[in-house]
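Novice: Here's a sequence, model it:
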Amino acid sequence: MKPLTPQASANRNFAFDTRILSSLAKREQKFLHSMLFAPSKSDFQLFSAFNRRATMVIRRNLYLSEELNLDEFERLARLFGLIAVRAGEVVMDARADACRPDFKADGSPVTAADLRADDLIRSCLERNLPDFPIVSEESCSGVFLKTAERFILVDPLDGTKEFIQGRDEFTINIALIQAGSPVAGAVYAPALHQLYMGGTNAYRLDIRANEGALSFSKMRPIEVRQAPSKGRRAVVSRSHLDGATKAWVKRHGITDLQPSGSSLKFCVVAEGEADVYPRLAPTMEWDTAAGHAVLLAAGGTVTDLDGRPLRYGKPDYRSTDFVARGAPRDL
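Specialist: Down below sits the predicted model:
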């Protein structure tokens with residue numbers, strides 16, 4: 001499969017909730033079908049128009065679906081999910097080509113997959129959300145967005161080391177930051193076919209269940225679990241498990257460790273598969289923002305070591321040491 005160009009992406013068939021569509025009259029279905037394929041409209045405009053039109057139709061039939069009553073953050077999370085899935089196709093195509101990594105000035109690896117995904121994501125975001133500044137790992141100029149109350153953080157390929165090593169735990173991360181906090185985000189693991197979205201609520205969607213057309217009707221709500229009094233589990237970095245993190249885990253009496261890569265560690269906590277994710281090693285804001293958004297929407301928290309909420313928009317976009325928690329918050 002060839003990488004999708006922005007124009008091809010604009011015309012891609014993304015099926016919406018078939019249960020909702022089937023409840024509409026034939027003329028309404030015809031209207032929605034023609035609207036979805038309108039090449040002059042952006043994905044976000046199409047989704048918003050679909051939401052308004054279908055809500056109006058269903059209200060006439062005295063039936064209102066919660067899925068059609070989405071707030072801004074929910075719509076943005078799904079838009080980010082759409083874009084991340086498209087970028088995932090580019091990443092998987094590059095992986096099939098066995099692209100070799102180069103190395104940036106700081107010694108970190110970068111591949112053709114990083115750069116191709118970055119191009120596609122920025123193109124889609126600029127077309128759909130032209131008023132939002134974008135800070136991406138692969139195209140960040142290093143200029144601090146001092147006046148940006150809202151901006152988008154992008155990591156087009158989080159877990160590049162896992163990607164190079166042939167592991168499947170790499171992700172595409174997109175998140176909206178508002179007033180220093182992640183309020184909408186999507187994490188997509190293309191090799192695992194798993195999409196996580198967080199806005200007002202958090203969801204997981206297995207892309208394989210959609211048979212080639214991305215539908216939100218099969219997504220599953222996720223939430224953090226109530227941590228057991230004994231046998232608590234920590235998810236830890238597979239590639240960056242340092243001495244400080246090991247000491248933190250030992251100090252809190254946790255012996256059940258689950259190694260994982262990329263921003264999937266946030267998602268493991270968000271869906272109740274672990275209780276805490278401590279990170280006492282350097283990260284960048286684009287590494288954490290999308291997973292942070294998913295975890296917040298699932299009922300969790302992310303704080304620094306003093307218990308203060310992790311904030312975004314720092315001058316160098318570096319994150320401090322943090323602990324991502326499910327419930328309760330006594331770890």
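
Novice: rest of the way, CA atoms for contacts and neighbours
Specialist: OK.

Novice: Just list whatever residues bridge to residue 195.
Specialist: Note on residue 195: beta-bridge partners residue 188, residue 205, judged by DSSP bridges.

Novice: so where's the stretch 51-200 of the chain uncertain?
Specialist: Confidence mapping of the stretch 51-200 of the chain against pLDDT under 70 gives the ranges 51-69, 97-99, 101-107, 109, 140-147.

Novice: Secondary structure element holding residue 94?
Specialist: Taking DSSP states H and E as the criterion, the element that holds residue 94 is helix 72-96.

Novice: Tell me how far that helix lies from the chain's centre.
Specialist: Distance of helix 72-96 from its chain centroid, counting by C-alpha atoms, centre = their mean, to the nearest Å, is 8 Å.

Novice: now stretch 178-185
Specialist: That offset, for stretch 178-185, works out to 12 Å (C-alpha atoms, centre = their mean).

Novice: So which bits of that stretch are buried?
Specialist: Neighbour counts over stretch 178-185 (16 or more other C-alpha atoms under 10 Å) mark 178, 180-185 as buried.

Novice: Distance to residue 172 and secondary structure added to those, as TSV?
Specialist: As requested, the buried residues of stretch 178-185 are exported to TSV (distance: C-alpha to C-alpha, whole Å; DSSP: H, G, I helix; E, B strand; the rest coil):
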residue	distance to residue 172	secondary structure
178	20	strand
180	21	coil
181	19	strand
182	16	strand
183	17	strand
184	14	strand
185	11	strand
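
Novice: among those residues, which two are most distant?
Specialist: Greatest spatial distance in the buried residues of stretch 178-185: 180 and 185, 13.9 Å, computed using C-alpha to C-alpha.

Novice: one step back: which neighbouring elements make contact with the helix holding residue 94?
Specialist: Identification of packing neighbours for helix 72-96 by 3 or more C-alpha pairs under 8 Å, 6 or more residues apart in numbering; DSSP states H and E yields helix 43-60, helix 112-128, strand 171-178, strand 181-189, strand 194-198.

Novice: Identify the residues contacting residue 170.
Specialist: When contacts are counted by C-alpha atoms under 8 Å, 6 or more residues apart in numbering, residue 170 touches 157-160, 162-163, 189-191, 261-264.
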